[in-house]
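*Asks:* Next input, structure requested:
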Amino acid sequence: SSVLGGKNSKERAMARIDGAGAASVSFRRDKKMDAPRATAPRVRRPSTEFPYPVHRPDPDAARLPQRDELVARAAALRVKSQWGGVFYAFAWAVIAGFGGAFGAYPLAASAVLLAFLALAAARIALRPGSTPAEAAKYLRRAWALVLASAALLGAISAWALLDPLFEDADMVVLLCVISLGTAFAQVYGADRRQAYLGTAMISLPSLLIEIARGEAWGVVVTLAFHYLYLAGLIVQVHREDGQRRALEQALRTERDRFEAQSRTDPLTGLANRRSFEHGVRRWLQGDGARACWMLVIDLDHFKRINDTHGHPAGDAALRHVADVLRARLAEREHLLARLGGEEFGVLFRADDVESAMRLANALRMDVGANPLPLPGGERVAIGLSGGLVRLDGDDARAYRAADAALYRAKAGGRGRIEVAAADPRP
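*Replies:* The predicted structure follows:
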């Protein structure tokens with residue numbers, strides 16, 4: 001058929017499908033199959049547009065990006081904060097060492113050092129987990145540890161600036177405050193609220209004390225200017241992080257769209273042969289509580305439709321048949337694919353060969369009961385022949401058996417379903 005290879009202009013137009021349209025796969029609980037009905041479900045008139053969603057709505061789908069983002073945020077925070085607590089302990093060791101605190105206040109100075117080390121160890125030991133709930137818990141605990149370190153540094157810097165014992169270490173205190181405040185704004189700026197809070201905890205006590213002293217206004221102006229710079233830095237880091245995440249999301253969306261297109265037949269929107277073969281292997285590895293069946297069906301006299309009505313009518317016939325098959329299979333677990341040309345494949349579950357044959361014949365009768373409407377009011381009847389086989393673990397054998405049964409159906413007069421002669425049913 002000319003539809004193979006996508007050379008037909010309308011088929012090329014169909015290639016512009018949405019990235020969500022991957023394959024007609026639904027996973028709903030099977031229902032008992034009724035006997036074939038003389039009148040099939042009404043089918044939407046085929047068009048050259050992509051007229052239907054091929055996936056059923058997932059009530060949790062809208063929350064999936066947020067869940068993934070939560071886990072990613074937790075992993076990113078661990079990378080940023082894991083070893084940061086060590087620097088706070090080092091800063092206090094420098095301040096206390098140069099200020100003489102270990103000699104004058106040995107218990108207090110040692111207690112502060114131990115507190116910083118305990119916070120640092122807790123950061124290192126804390127793990128984010130892999131689920132959204134674990135990630136959310138990690139974020140709360142990790143931010144508590146990070147902000148506790150910042151608050152403690154702000155408190156001990158205020159103590160050092162107010163206590164005359166540390167007078168010779170004032171410059172060391174201010175340098176530690178400036179360096180750790182700058183690092184906090186740079187590292188955590190992507191989380192703007194926490195970055196503002198932590199930077200303020202580190203930086204504001206020293207600024208307010210210098211203002212209250214009223215002795216070194218040059219230092220006050222310099223500190224105030226630097227802290228305004230940190231506020232702007234947080235804004236910039238937050239903006240750049242948002243742009244980076246938006247770009248990463250766009251790349252993921254494009255990747256998913258191309259991956260979906262690689263598994264989708266562009267003319268019908270069904271799964272393609274590659275996706276169908278993967279589905280066969282996946283079904284063979286799945287739950288064996290119910291038998292899996294493969295039905296390979298072929299349109300009867302499809303070349304006659306192309307020759308009589310033109311290739312656009314042939315394309316419309318393929319889309320029409322896909323619609324009819326989809327309507328019948330909508331209420332049961334299945335995988336429906338276009339295997340190539342006018343050949344389709346169906347995977348489904350049934351308890352026995354009689355139930356499988358009822359469904360296969362229902363599909364055949366539905367297509368026969370819904371002629372293809374053409375411009376001008378003409379309607380073209382479409383027939384199906386098919387080969388049915390039970391999957392038994394050997395997908396190559398199943399394909400051969402289904403093809404052989406399909407050829408027997410063709411040779412037997414078409415418009416019929418044949419069961420594979422080597423059916424492995426017990």
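
*Asks:* Only C-alpha atoms from now on, for both contacts and neighbour counts.
*Replies:* Fine.

*Asks:* how much space is there between residue 75 and residue 69?
*Replies:* Separation of residue 75 from residue 69 (Cα to Cα, to the nearest Å): 10 Å.

*Asks:* Residue 90 too?
*Replies:* 33 Å.

*Asks:* Kindly report the same for residue 272.
*Replies:* Counting by Cα to Cα - residue 272 and residue 69 are separated by 32 Å.

*Asks:* Between those two, which is the more surrounded one?
*Replies:* Between residue 272 and residue 69, residue 272 has the larger neighbour count (other Cα atoms under 10 Å), namely 25 against 14.

*Asks:* Phi, psi for that one please.
*Replies:* For residue 272, the backbone dihedrals are phi -90, psi -180 (criterion: degrees, to the nearest 10).

*Asks:* any idea of the pLDDT on it?
*Replies:* Among the per-residue scores, residue 272 shows a pLDDT of 91.

*Asks:* what's near enough to touch it?
*Replies:* Neighbouring residues of residue 272 by Cα atoms under 8 Å, 6 or more residues apart in numbering: 23, 263-265, 337-340.

*Asks:* Out of the residues you listed, which sit inside strands?
*Replies:* Using DSSP state E, 337-340 are the members of the contacts of residue 272 that sit in strands.

*Asks:* so which of the residues you listed comes closest to residue 235?
*Replies:* Set against residue 235, the nearest of these by Cα to Cα is residue 337 (50.3 Å).

*Asks:* wait, that closest one sits on residue 266?
*Replies:* No. Proximity of residue 337 to residue 266 does not meet the contact threshold set by Cα atoms under 8 Å, at 11.3 Å.

*Asks:* Those two: which has the busier surroundings?
*Replies:* residue 337 (31 against 24).

*Asks:* which stretches of the stretch 51-200 of the chain have low pLDDT?
*Replies:* For the stretch 51-200 of the chain, the stretches with pLDDT under 70 are 51-67.

*Asks:* State the next helix or strand along the chain beyond the lengthiest helix in the chain.
*Replies:* When the chain is parsed with DSSP state H, its longest helix is helix 217-262. Once the chain leaves helix 217-262, the next helix or strand it forms, by DSSP states H and E, is helix 273-285.

*Asks:* Relative to the whole chain's centre, how far out is the helix or strand just after that next one?
*Replies:* Going down the chain from helix 273-285, the next helix or strand is strand 291-299, by DSSP H and E. Centre-to-centre, strand 291-299 and its host chain are 31 Å apart (Cα atoms, centre = their mean, to the nearest Å).

*Asks:* re the thing from before, in TSV, list the ones in strands among the contacts of residue 272 along with distance to residue 316 and pLDDT.
*Replies:* Formatted as TSV, the ones in strands among the contacts of residue 272 follow (distance: Cα to Cα, whole Å; pLDDT from 0 to 100):
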residue	distance to residue 316	pLDDT
337	16	94
338	14	94
339	17	92
340	15	90
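
*Asks:* and those as JSON lines, adding distance to residue 392?
*Replies:* JSON lines is the format used below for the ones in strands among the contacts of residue 272 (distance: Cα to Cα, whole Å):
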{"residue": "337", "distance to residue 392": "20"}
{"residue": "338", "distance to residue 392": "22"}
{"residue": "339", "distance to residue 392": "20"}
{"residue": "340", "distance to residue 392": "24"}
